[in-house]
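In: Provide a 3D model corresponding to the input given below.
(one chain, ligands or ions: 1)
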Amino acid sequence: MDKDRAGRELLRSSRDFFLDFCAHARGDGVRAAILIVLGAGAEGVGLLLLVPLLGLVIGDGRTGWAMMASAGRLPWLGAAPAARLAPLLACFALLVVLRAVVLWHRDVLLARLRIGFVEEQRGRLVSRLIAAPWTRLSALPHAGVNHLLSSDIILTGACAHFMVQGATSLFLLLVQWALACVFSLPLAAVTGVLLAGASLALVPQLARSRRLGRDVADANLHLATSGAQFLGGLKLALSQNVQHRFADEFNGTLRRLMGQQVTLVREQSKSQLAFTTLASLAGAAAIVVGVWTLDVPPAVLIVFVLLLARMSAPAAQLQQGAQQFANFLPSYEKIRALEAELAQDPPEVDATTDGPAWPGPPPLRFHQVGYRHPGGDRGVSGLDLTLEPGSFVGVMGASGAGKTTFADLAVGLTVPDVGTIMVGGHPLVGGLRRRWAAAIAYAPQETFLFHDSIRANLSWANPQATEADMRAALGLAGASALMDRLASGLDTVVGAQGGLLSGGERQRLALARALMRRPPLLVLDESTSAVDIAGEQVLLASLAALPWRPTILLIAHRRESLALCDRVLEFAEGRIVADRRMERAEAQASAHRAR
Ligand SMILES: Nc1ncnc2c1ncn2[C@@H]1O[C@H](COP(=O)(O)OP(=O)(O)OP(=O)(O)O)[C@@H](O)[C@H]1O
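Out: Take a look at the predicted model:
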């Protein structure tokens, strides 16, 4: 990337960050700016008071305000008599206290703004994630999103810190430089030119810092992804003794990261060195010019050098802060890029959200529905059917035939590209889609359980559920025997993804959780595949006999699993190629219901 472009990108990104921060800060930002100006002003007045103080202390008759006033630079001050040393010192002390109070308020306010900004960023990203459609979310790298929400957000807070600190240092520098102009315009001009030169020399360094920051952020993200994959595939890796491959990859990224960080520190040290050298040259030049060329009184020269010494601190802080800011800016850019990606989808046309809850399962009508997955030509097409309320519908077909895509459409997780889905006679869009999603229950192929107690896992589906509700749902899902075995009962922790349970037990718990909602539509996507055949038959029979008669969509590969269905849909290449009514199964189910 050429230097100009890197510089432009740095400027654009810094401007976006600044505007974002200002939009967050609003009134508090104005208050903080006033406190920054007051703090810098107090510093300036304190330095100004040093002149008469020094004049009185070293007994230079020409120094102090008298000299400044006679030179015509501070005519408004007049002369300060030596007898007034005590009041002068009192003023100085009062100013120091006032300045400390201002700085205290300033720092607390700035910290509050910074922390609030980070939390606002995090909240905004989470809201965008929640509002995004499933198709977009399912394509996101989860470890990457996690990393953005934790580490990158914190670096964004560091960016805010360095920006605010930079603004404070800049104000302080300006006030100190204005004072320097008051004391000696030529000396201040020499110093100003050298400092401006040093700042300009810093710009390419900042673009390099940003580039290195991006490399480091990418490497950190890679580390986070490798770590998540390692933990996710731990069992497989250990069982096949291939864990060293994870370790090799991990270590490789770590080495790269270390190299990048060392390069970064080297770059920062280089610019620090250049800056310090220039600052020292500025000081030396000021003294040389002051002593040899201009007739500057000793007290003024001492104060000027003191002023330069004080200027070096905010100047160095500004230089280092700017580099850190540029270095962490890529984290902010990544967050904004994800937000932009998530905001790409047009807002959904809203439909009515109110209306009474469905008295029973509503009919679900697919009218010439088609859907293609993004970035390919796979999906479903020409779906034209009605799922009658309370029916038990089986879905079969080869892998990749479109069964899950059909289920995702039925629950409103994805929206058809063509055609309409109607729930109880209303199009499944906008508010109705959200209300439908809040009512139905979906037990997907991959069982999802929190690393928490069974009680917490079940409550997630229905926070109002009582212990009796939980036990009833567990009973329906055939998990009563499991509960009797567990010493801690509902308080048993199931491990990450339910890893402390068997596959069939996990599926029973997930099913119990789905039943906790008493849903009008229950979608089971191969969610009893790990249960033994006899156990599955009992379980499905109890589902067919549920007293509230939900519509059940059962996706299964085993023919035995579909034996109790009223109707079986067969999918091939994204289309329904057979739609069979199963009278015998209906009879079996009725018989079971009657039992
Ligand atoms: N998010 C996605 N992006 C792109 N293509 C996808 C996506 N999800 C599924 N597909 C493709 O769409 C087709 C249908 O997938 P679907 O998951 O509906 O199949 P399925 O019948 O449920 O298969 P299985 O029985 O193996 O679960 C497949 O060819 C699959 O590769």
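
In: list the helices and strands the strand or helix carrying residue 245 packs on?
Out: Residue 245 is part of helix 243-288, with elements assigned from DSSP states H and E. Packing partners of helix 243-288 (3 or more CB pairs under 8 Å, 6 or more residues apart in numbering; DSSP states H and E): helix 185-232, helix 234-239, helix 298-342. (Glycine included, C-beta is placed from N, CA and C.)

In: in this structure, which segments are predicted with low confidence?
Out: 1-3, 51-52, 54-84, 235, 294-296, 299, 347-357, 583-595 (pLDDT under 70).

In: Can you verify residue 115 is assigned to a helix?
Out: Yes: secondary structure of residue 115 (DSSP: H, G, I helix; E, B strand; the rest coil): part of a helix.

In: For the ligand, see how far away it is.
Out: Using CB to the nearest ligand atom, to the nearest Å, one gets 38 Å for the distance from residue 115 to the ligand.

In: Same check on residue 53?
Out: Using CB to the nearest ligand atom, residue 53 is found at 74 Å from the ligand.

In: Could you say which helix or strand holds that residue?
Out: Taking DSSP H and E as the definition, one finds residue 53 inside helix 3-58.

In: ok, the most centrally placed residue in the chain - contacts?
Out: Centroid-nearest residue in the chain: residue 149, 2.9 Å away (criterion: CA atoms, centre = their mean). By CB atoms under 8 Å, 6 or more residues apart in numbering, the contact list for residue 149 reads 122, 125-126.

In: For it, what are phi and psi?
Out: When read as degrees, to the nearest 10, the backbone of residue 149 gives phi -70, psi -20.

In: again, but for the one 4 residues further on
Out: For residue 153, the backbone dihedrals are phi -60, psi -40 (criterion: degrees, to the nearest 10).

In: Now do the contacts for it.
Out: 118, 121-122, 125, 331, 335.

In: between those residues, which is closest to the ligand?
Out: residue 125 (22.0 Å; CB to the nearest ligand atom).

In: my guess is that closest one contacts residue 335, does it?
Out: Yes: using CB atoms under 8 Å, residue 125 is in contact with residue 335, at 6.1 Å.

In: Quick check: neighbours shared by the two?
Out: The contact sets of residue 125 and residue 335 overlap at 148, 153 (CB under 8 Å, 6+ apart).

In: Sheet partners, orientation included, of the helix or strand in which residue 554 is found?
Out: Here residue 554, judged by DSSP H and E, is contained in strand 551-555. Strand 551-555 has its sheet partners listed here by DSSP bridges as strand 392-397 (parallel), strand 521-525 (parallel).

In: after the last one, next one along is what?
Out: Past strand 521-525, heading to the C-terminal end, the next element that is a helix or strand (DSSP H and E) is helix 533-544.

In: circling back to that earlier point, closest to residue 164 out of the strands paired with strand 551-555?
Out: The closest of these to residue 164 is strand 521-525. By CB to CB, the value is 50.5 Å.

In: distance between the closest one and the chain's centre?
Out: 32 Å (CA atoms, centre = their mean, to the nearest Å).

In: likewise stretch 509-527?
Out: With CA atoms, centre = their mean, you get 31 Å for stretch 509-527.

In: Could you tell me how many residues sit around residue 227?
Out: 15 (other CB atoms under 10 Å).

In: Also residue 324?
Out: Neighbours around residue 324, by other CB under 10 Å: 22.

In: right, and it touches residue 162 too?
Out: Yes: in this structure, residue 324 is within contact of residue 162 by CB under 8 Å, at 4.8 Å.
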